[in-house]
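**Student:** Make a model of this:
(2 chains, ligands or ions: 2)
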Amino acid sequence: MEAYLKYYDLLELPPEATIEEIHRNYAGLKALYSVNSMEIRALNMDYSEELHQDYLFRLDDAYEQLKLLLENKRPIVATKAAAVDDGLKEWINGINCFTGGALRNIRERMGVDLKDIFAVSRIQPQYLEDIENEHFSSFRAEVYLRSYLVEYTRFLSLDTQRVLSDYLPRYRIAKECQFLPSRQSRFLV
Amino acid sequence: MENPAKNCKVWAVAGGKGGTGKSFITSSAGTCLALKGSKTILLDADLGGANLHSFFGLNRPRYSLSDFFDKKIPLQDIIVHSGIANLGLITGSIGSLDSEGINFAQKQKLFRHIRALDAEHILIDLGGGTHINTLDTFLLADKMIVVTVPEVTALENMYHFIKSVYFRKMKFIFKTYNLSATIQDTWKNRASCNVRNLKELIAHLRESSDHIREIFDREMSGFVVHIVLNQVRTTKDILVGENLKSVCMNFLGLPVAYSGYCRQDEAVHDNINSKEPFLIFNRTSPVVKEIKTLTENIIAGTHLSMRKDLANGSLPEIL
Ligand SMILES: Nc1ncnc2c1ncn2[C@@H]1O[C@H](COP(=O)(O)OP(=O)(O)OP(=O)(O)O)[C@@H](O)[C@H]1O
Ligand SMILES: [Mg+2]
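**Tutor:** Numbers count the residues shown, from 1 in each chain, chains lettered A, B, ... in the order given. Ligands and ions are numbered 1, 2, ... in the order given. Presented below is the predicted three-dimensional model:
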């Protein structure tokens, strides 16, 4: 999964980007880096042919990989969504606070095992458990947690945005408390 | 790294090249904030060429920063009225030929007093150049803004400015953690560690130890320079900002945000010359909307996504 995050980063898109956005950004970036544009010429000493070629290579690779990923994975997510019956749907709609515990509850009521999610997303079950336990220190940066949550909620056909906007603020607060001393040091320079 | 407990936000506007529109962007973003009802103060710290007051049609303001430094008059008392509600102005020392007049210690003192001012937003016009003094002041702000124009010479200066800012920031961080020697040694022996530029220096340091990587991740996360592209002349120019973001990341290894652009508009200098504050007297110009957008993006930390608009065919028409 970390590899896929890099691909999204390269295409300057968030992990929930659609295939259309991937096509679009690829075309835009390819155009920028294929000609000797003003933005690149102005780099002077910071420009190197080697860096440039390496970037174009990685961009092409990222595009190919993401195309494969998105083209293969959609149907699997779709079959999962079909398995949710109306009673369960209603119950989920009534949930306002998507804590780790609530997510585990939903998953268990759907009869989904963490190994199932791993099989599709390749996210190690340990991380999935950490999400459900709100064990925030396992996630070095928000981007990782965010992309895992996207995968997790997609698999369960949950409203990704709703879950993210409820879940991530708790992570941010935990991180802020952890880093409080270094924040102040900024003003002592 | 913004302190949520503090309600005043300090913005610093700089950019390397002269004449790109730093004073224009500072004065109009400030006007925009004030018109929305936020108490705002503009501070002209471009000591060599203080002229922010001219954007408000003021000739010779009663007070200037030299009253604060030399006569020890409190900062609050040297604010002059800009002519716009909610908008105060602290002018630079006009006519002072000694542009290195205030040193960094004085600027730090100035910052302490700035943060104590009764205002929601304080916008500082730092002027051009990459003087170490300018860099250090820039780094003290909550919102760091670089104004550039779509022209190769301006972009060269902008890249240089941004690199210098990040390098300075890194040095400060390493100093805080007692690692100054590490960064100096690496840079001194850069040939042997295969480090040719800032991007490679950052990569090398990050890989040198888990400890250093953690420091980087922690201290640099959320550290971002906002780019404003001024004097845009064509629709294609608008994309330059988006491209700069990409190039900064891929060639310099530095994250920047594209906050907004503002088109070239004759009305801008007509208004300055006729001593009319620009935004109020020209509400119909598209420039006003562009200033609003970039101001909102800077406040919210959001950025433009022009590739999307390009694909949707919804890029604004210019010319
Ligand atoms: N969007 C614009 N459209 C038209 N003219 C503009 C625009 N922005 C700036 N200008 C003109 O460019 C000139 C320089 O602008 P400004 O003084 O804001 O630049 P600056 O970056 O502050 O310069 P300095 O580095 O000398 O402080 C001004 O006279 C102004 O009339
Ligand atoms: Mg100026």
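**Student:** C-alpha only now, for contacts and for neighbours.
**Tutor:** Noted.
**Student:** Over to the spatially most distant residue from the centre of chain B. Which of the three states is it?
**Tutor:** With distances taken as C-alpha atoms, centre = their mean, the residue sitting farthest from the centre of chain B turns out to be residue B:192, at 35.9 Å. Each residue gets one of three states, and residue B:192 gets coil by DSSP: H, G, I helix; E, B strand; the rest coil.
**Student:** how many other residues sit next to residue B:91?
**Tutor:** As a burial measure, residue B:91 scores 26 neighbours (other C-alpha atoms under 10 Å in any protein chain shown).
**Student:** shouldn't it be in contact with residue B:68?
**Tutor:** No: at 10.7 Å, residue B:91 does not count as touching residue B:68 under the criterion of C-alpha atoms under 8 Å.
**Student:** can you list residues touching both of these two?
**Tutor:** In terms of C-alpha atoms under 8 Å, 6 or more residues apart in numbering or on different chains, residue B:91 and residue B:68 are not both contacted by any residue.
**Student:** Excluding sequence neighbours, find me the nearest residue to residue B:135.
**Tutor:** Taking C-alpha to C-alpha, 6 or more residues apart in numbering or on different chains as the measure, residue B:135 lies nearest to residue B:165, with 5.9 Å between them; neighbours along the chain are not counted.
**Student:** Kindly report the same for residue A:159.
**Tutor:** Nearest non-adjacent residue to residue A:159, counting by C-alpha to C-alpha, 6+ apart: residue A:153, 7.0 Å away.
**Student:** Other residues contacting stretch B:262-273?
**Tutor:** B:54-57, B:228-233, B:277-278, B:282, B:287, B:290-291, B:318.
**Student:** Briefly note if it comes near ligand 1.
**Tutor:** Yes: if you take C-alpha under 6 Å from any ligand atom as the test, stretch B:262-273 does meet ligand 1, through B:262, B:263, B:264, B:265, B:266, B:268, B:269.
**Student:** Show the buried residues in the residues you listed.
**Tutor:** With burial judged by 16 or more other C-alpha atoms under 10 Å in any protein chain shown, the buried subset of the residues of stretch B:262-273 next to ligand 1 is B:262, B:263, B:264, B:268.
**Student:** Could you tell me which of those are located in helices?
**Tutor:** residue B:268 (DSSP state H).
**Student:** What is the nearest of the buried ones among the residues of stretch B:262-273 next to ligand 1 to ligand 1?
**Tutor:** Using C-alpha to the nearest ligand atom, the shortest approach to ligand 1 within those belongs to residue B:264, at 3.5 Å.
**Student:** The spatially most central residue of chain A and residue A:5, how far apart?
**Tutor:** Nearest to the mean C-alpha position of chain A, by C-alpha atoms, centre = their mean, lies residue A:147 at 2.1 Å. Summarising the geometry, the distance separating residue A:147 from residue A:5, computed by C-alpha to C-alpha, to the nearest Å, is 8 Å.
**Student:** shared neighbours of these two, anything?
**Tutor:** Shared contacts of residue A:147 and residue A:5 (C-alpha under 8 Å, 6+ apart): residue A:15.
**Student:** Strands along the stretch 201-319 of chain B, start to end?
**Tutor:** Under the criterion DSSP state E, counting those that start in this stretch, strands of the stretch 201-319 of chain B are mapped to B:225-232, B:256-263.
**Student:** tell me which element residue 157 falls in.
**Tutor:** I'll assume chain A. Element membership of residue A:157 [criterion: DSSP states H and E] is none; it lies in no helix or strand.
**Student:** actually it's chain B I care about, not the one you picked
**Tutor:** Taking DSSP H and E as the criterion, residue B:157 maps to helix B:152-176.
**Student:** contacting residues around that helix?
**Tutor:** So helix B:152-176 is contacted by A:38-39, A:41-44, A:185, A:189, B:15-17, B:20, B:129-130, B:135-136, B:138-139, B:146, B:148-149, B:180, B:183, B:198, B:219, B:225, B:248, B:252, B:254 (C-alpha under 8 Å, 6+ apart).
**Student:** In chain A, what residue comes closest to ligand 1?
**Tutor:** residue A:42 (18.9 Å).
**Student:** tell me the domain ranges of chain A?
**Tutor:** Following the assignment in automatic domain parsing, chain A carries domains at A:2-70, A:86-179.
**Student:** and what of chain B?
**Tutor:** According to automatic domain parsing, chain B is divided into the following domains: B:9-161+B:224-312, B:168-218.
**Student:** Deepest in the core, which of those is it.
**Tutor:** Comparing the domains of chain B by mean neighbour count (mean count of other C-alpha atoms under 10 Å in any protein chain shown), domain B:9-161+B:224-312 ranks first with a mean of 19.
**Student:** Show the average pLDDT along that domain.
**Tutor:** pLDDT averaged over domain B:9-161+B:224-312 equals 88, rounded to a whole number.
**Student:** One more: stretch A:87-97?
**Tutor:** Mean predicted confidence for stretch A:87-97 is 85.
**Student:** Output it in PDB with nothing but the alpha carbons.
**Tutor:** Once side chains and other backbone atoms are set aside, the C-alpha atoms of stretch A:87-97 remain, and they are given as PDB (Å, rounded to 0.1, in the frame of the first residue of the first chain):
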ATOM      1  CA  GLY A  87     -31.500  -3.400   8.200                       C
ATOM      2  CA  LEU A  88     -27.700  -3.200   8.500                       C
ATOM      3  CA  LYS A  89     -27.600  -0.200   6.300                       C
ATOM      4  CA  GLU A  90     -30.100   1.600   8.400                       C
ATOM      5  CA  TRP A  91     -28.200   0.800  11.500                       C
ATOM      6  CA  ILE A  92     -24.900   2.100  10.000                       C
ATOM      7  CA  ASN A  93     -26.700   5.300   8.800                       C
ATOM      8  CA  GLY A  94     -27.600   5.900  12.500                       C
ATOM      9  CA  ILE A  95     -24.000   5.900  13.600                       C
ATOM     10  CA  ASN A  96     -22.600   9.400  14.100                       C
ATOM     11  CA  CYS A  97     -19.300   8.800  15.700                       C
END
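**Student:** Determine how far that stretch lies from the middle of the whole chain.
**Tutor:** Stretch A:87-97 has its C-alpha centroid displaced from the chain centroid by 24 Å (C-alpha atoms, centre = their mean, to the nearest Å).
**Student:** Would you mark the buried spots in that stretch?
**Tutor:** Applying a neighbour-count criterion of 16+ other C-alpha under 10 Å, the buried positions in stretch A:87-97 are residue A:92.
**Student:** how far out from the middle of the chain is the helix holding residue B:157?
**Tutor:** Helix B:152-176 sits 13 Å away from the centroid of its parent chain (C-alpha atoms, centre = their mean).
**Student:** That one to strand B:256-263, inter-axis angle?
**Tutor:** Using axes from the mean of the first three to the mean of the last three C-alpha atoms, to 10 degrees, the direction of helix B:152-176 lies 150 degrees away from that of strand B:256-263.
**Student:** Do any residues in helix B:152-176 lie close to ligand 1?
**Tutor:** No: using C-alpha under 6 Å from any ligand atom, helix B:152-176 never reaches ligand 1; the gap is at least 10.6 Å.
**Student:** CA-only coordinates of the helix or strand following that helix, as PDB, when you get a sec.
**Tutor:** Secondary structure here is assigned by DSSP H and E; on that basis, the next helix or strand after helix B:152-176 toward the C-terminus is helix B:180-188. Coordinates of the C-alpha atoms in helix B:180-188 are reproduced here as PDB (Å, rounded to 0.1, in the frame of the first residue of the first chain):
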ATOM      1  CA  SER B 180      24.400  22.000  13.900                       C
ATOM      2  CA  ALA B 181      27.700  20.200  13.300                       C
ATOM      3  CA  THR B 182      25.900  17.500  11.400                       C
ATOM      4  CA  ILE B 183      24.400  19.700   8.800                       C
ATOM      5  CA  GLN B 184      27.600  21.800   8.400                       C
ATOM      6  CA  ASP B 185      29.800  18.700   8.100                       C
ATOM      7  CA  THR B 186      27.600  17.100   5.500                       C
ATOM      8  CA  TRP B 187      27.500  20.300   3.400                       C
ATOM      9  CA  LYS B 188      31.300  20.700   3.800                       C
END
